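Peer 1: Please find the sequence and the predicted model below.
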Amino acid sequence: MAVKTVRPQAGPQTAFLSSSADFVLYGGARGGGKTFAALLEPLRHVNVTGFNAVIFRRTYPQITNAGGLWDKSTEIYPALGAKPSLAKCQWDFPVGTTVAFRHLKLEEHKFDWQGLQICLLMFEELTHFSKSQFIFLMGSNRSTCGVRPYIRATCNPDADSWVKDLVKPYLAPDGYVDLDEVGKIKYLIIEDEQFKFVDADYRDELGNPPISFTYISADVWDNEELLKKDPGYLRNLMAQSAVDRDRFLGIKGRGGNWNAKATAGKVFRSDWFEVVDQAPKQGKMVRFWDLALTGDWLAGVKMISVNGLYYIVDVVRTQGTPAQLESTMKMTAQADGYGCPQRWFKDPGQAGVYQEHKLRQLLVGYDCRGVLSQVPKTQRAKPFSTAAEFGEVKLLRSDWNNGFTNELVGFPDGTFDDQVDAGSGAYF
């Protein structure tokens with residue numbers, strides 16, 4: 001019978017699994033082997049009667065989707081005699097210990113755990129959870145099985161997340177990890193939902209010591225097994241937008257950048273857009289509208305795609321009364337012709353239903369409909385930004401060129417973003 005050996009890779013995975021700190025945060029960048037290490041952590045105690053571990057992800061699909069926590073756990077846990085229950089998202093080990101996967105999709109789901117006992121409390125991608133969810137769940141981090149209760153979590157860099165407050169003592173001013181600090185044990189307390197680092201000999205008014213804490217950083221270059229099995233993964237990280245490359249790929253040995261965020265000039269740059277004197281007459285085309293609200297501009301971007309290149313051949317941008325704006329949309333659709341679909345982002349809810357009905361009546365006879373998108377504008381712009389950075393988006397020379405690129409370069413800090421939304425939608 002073949003023997004299967006499962007062990008952490010030397011480096012950050014081993015450092016994470018061997019740490020004695022009360023709370024270890026394993027971050028750095030994508031591809032660092034964080035999920036595999038998280039799944040190995042409970043195995044140290046599965047032969048201890050009464051031990052239990054709960055691994056949280058923010059949503060249920062993140063647990064059960066292909067390649068998620070559940071799929072990866074099936075490659076490890078059966079070898080130790082664990083029995084799966086997909087209905088409960090739980091593994092039961094021979095002596096009665098359990099490793100469960102749970103979600104906290106809504107803020108109020110934290111109250112489901114009030115009064116319960118979790119010996120090993122784990123969070124996959126801590127930046128996806130609210131600070132109040134994390135602190136509330138700490139109240140359930142208790143144990144009577146003989147194993148000291150402890151916390152483990154993984155994360156990727158997010159400049160706007162509360163998690164950055166935990167990581168700051170381990171970062172250099174440039175946002176990458178400080179190699180002289182990473183892995184050191186530090187001590188923290190929580191006062192009024194704020195994290196404060198203190199000396200090791202600190203005691204509160206009841207004599208309780210602080211929480212011992214450390215941050216372990218990893219990046220894709222630390223994960224030799226992944227690069228061996230999927231060498232294309234590194235290429236995929238390189239293909240991300242400039243901001244996401246800084247966050248999720250970063251610098252070899254220093255992880256991703258915790259300062260990286262969408263700012264003016266970082267999402268789009270004017271030199272990414274080649275201006276051409278001719279564009280294809282045929283290809284996959286669309287006119288995408290960013291619909292005007294009170295005081296905003298109506299913008300419509302017409303795009304033609306051929307052989308992996310995207311040509312923006314016309315941009316309409318105007319203000320006016322509702323009747324004037326409707327007239328602009330109708331006349332523009334007539335100029336585009338029946339072969340050019342007309343699209344717009346559809347608002348969710350009843351307002352979107354009414355708007356959809358009204359616009360389809362306005363453009364009757366044309367291929368027209370709304371497209372539902374509930375992601376933030378900066379996230380929606382990422383695919384368009386990445387294509388532009390790689391030289392795949394061309395502009396047909398016209399008097400709208402400068403106004404269009406100026407708005408894109410100013411995104412998301414600029415006053416207007418209607419042309420950004422229309423361009424992102426056309427590429428979408």
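Peer 2: In hand now; what should we look at?

Peer 1: Just the helices from this structure, written as ranges.
Peer 2: 12-18, 34-40, 61-64, 69-73, 131-138, 164-167, 224-229, 232-238, 242-248, 322-336, 350-362, 377-389, 401-410, 418-427 (DSSP state H).

Peer 1: Residue 170 and residue 356, how far apart?
Peer 2: Residue 170 is 49 Å from residue 356, where distance means Cβ to Cβ, to the nearest Å. (Each C-beta comes from the backbone N, C-alpha and C, glycine too.)

Peer 1: In terms of neighbours, single out the busier of the two.
Peer 2: Counted by other Cβ atoms under 10 Å, residue 170 and residue 356 do not tie: residue 170 has more neighbours, with 24 against 16.

Peer 1: My read is that the more buried one contacts residue 177, right?
Peer 2: Yes - judged on Cβ atoms under 8 Å, residue 170 makes contact with residue 177 at a distance of 5.9 Å.

Peer 1: list residues touching both of those two?
Peer 2: Here residue 170 and residue 177 share the contacting residues 215, 217, scored by Cβ atoms under 8 Å, 6 or more residues apart in numbering.

Peer 1: before we move on, the earlier item: of all the helices of the chain, which one comes closest to residue 152?
Peer 2: helix 34-40 (6.6 Å; Cβ to Cβ).

Peer 1: Give me the contacts around the closest one.
Peer 2: Helix 34-40 is contacted by residues 6, 8, 12-13, 16-17, 26-28, 55, 69, 72-73, 76-77, 122, 124, 152, 154, 218 when judged by Cβ under 8 Å, 6+ apart.

Peer 1: From those residues, keep the buried residues only.
Peer 2: Buried members of the contacts of helix 34-40, counted by 16 or more other Cβ atoms under 10 Å: 8, 12-13, 16-17, 26-28, 55, 69, 73, 76-77, 122, 124, 152, 154, 218.

Peer 1: for the helix-or-strand element of the chain with minimal mean pLDDT, which positions count as buried?
Peer 2: Counting by mean pLDDT, DSSP states H and E, the weakest-scoring helix or strand in the chain turns out to be helix 350-362, with a mean of 87. By neighbour count, with 16+ other Cβ under 10 Å as the criterion, the buried positions of helix 350-362 are 356, 359.

Peer 1: helices or strands next to it in the packing?
Peer 2: If you count contacts as 3 or more Cβ pairs under 8 Å, 6 or more residues apart in numbering; DSSP states H and E, helix 350-362 packs onto helix 322-336, strand 342-346, strand 368-372.

Peer 1: any chance of the ones you listed in CSV, with mean neighbour count too?
Peer 2: Formatted as CSV, those follow (neighbours: other Cβ atoms under 10 Å):
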stretch, mean neighbour count
helix 322-336, 15
strand 342-346, 21
strand 368-372, 15
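
Peer 1: hang on, the earlier thing: mind exporting the least confident helix or strand of the chain as PDB, just the C-alpha atoms?
Peer 2: In PDB, the C-alpha atoms belonging to helix 350-362 read as follows (Å, rounded to 0.1, in the frame of the first residue of the first chain):
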ATOM      1  CA  GLN A 350     -37.400  48.100  -8.900                       C
ATOM      2  CA  ALA A 351     -35.700  51.300 -10.100                       C
ATOM      3  CA  GLY A 352     -33.600  49.200 -12.500                       C
ATOM      4  CA  VAL A 353     -36.700  47.400 -13.800                       C
ATOM      5  CA  TYR A 354     -38.400  50.800 -14.600                       C
ATOM      6  CA  GLN A 355     -35.300  52.200 -16.200                       C
ATOM      7  CA  GLU A 356     -34.800  49.100 -18.300                       C
ATOM      8  CA  HIS A 357     -38.400  49.300 -19.600                       C
ATOM      9  CA  LYS A 358     -38.100  53.000 -20.400                       C
ATOM     10  CA  LEU A 359     -34.800  52.700 -22.300                       C
ATOM     11  CA  ARG A 360     -36.000  49.600 -24.300                       C
ATOM     12  CA  GLN A 361     -39.000  51.600 -25.400                       C
ATOM     13  CA  LEU A 362     -36.800  54.500 -26.300                       C
END
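
Peer 1: re earlier: possible to save the helices and strands packed on helix 350-362 as TSV with distance to residue 202?
Peer 2: As requested, these are arranged in TSV below (distance: least, Cβ to Cβ, whole Å):
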stretch	distance to residue 202
helix 322-336	62
strand 342-346	51
strand 368-372	51
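
Peer 1: So for residue 135, which of these sits nearest?
Peer 2: Set against residue 135 and scored by Cβ to Cβ, these come closest in strand 368-372, at 34.3 Å.

Peer 1: for the closest one, the distance to its chain's centre please.
Peer 2: Relative to its parent chain, strand 368-372 has a centroid offset of 25 Å by Cα atoms, centre = their mean, to the nearest Å.

Peer 1: With stretch 214-222 instead?
Peer 2: Relative to its chain's centre, stretch 214-222 lies at 18 Å (Cα atoms, centre = their mean).

Peer 1: what's the answer for stretch 48-61, then?
Peer 2: For stretch 48-61, the distance to the chain centre is 22 Å (Cα atoms, centre = their mean).
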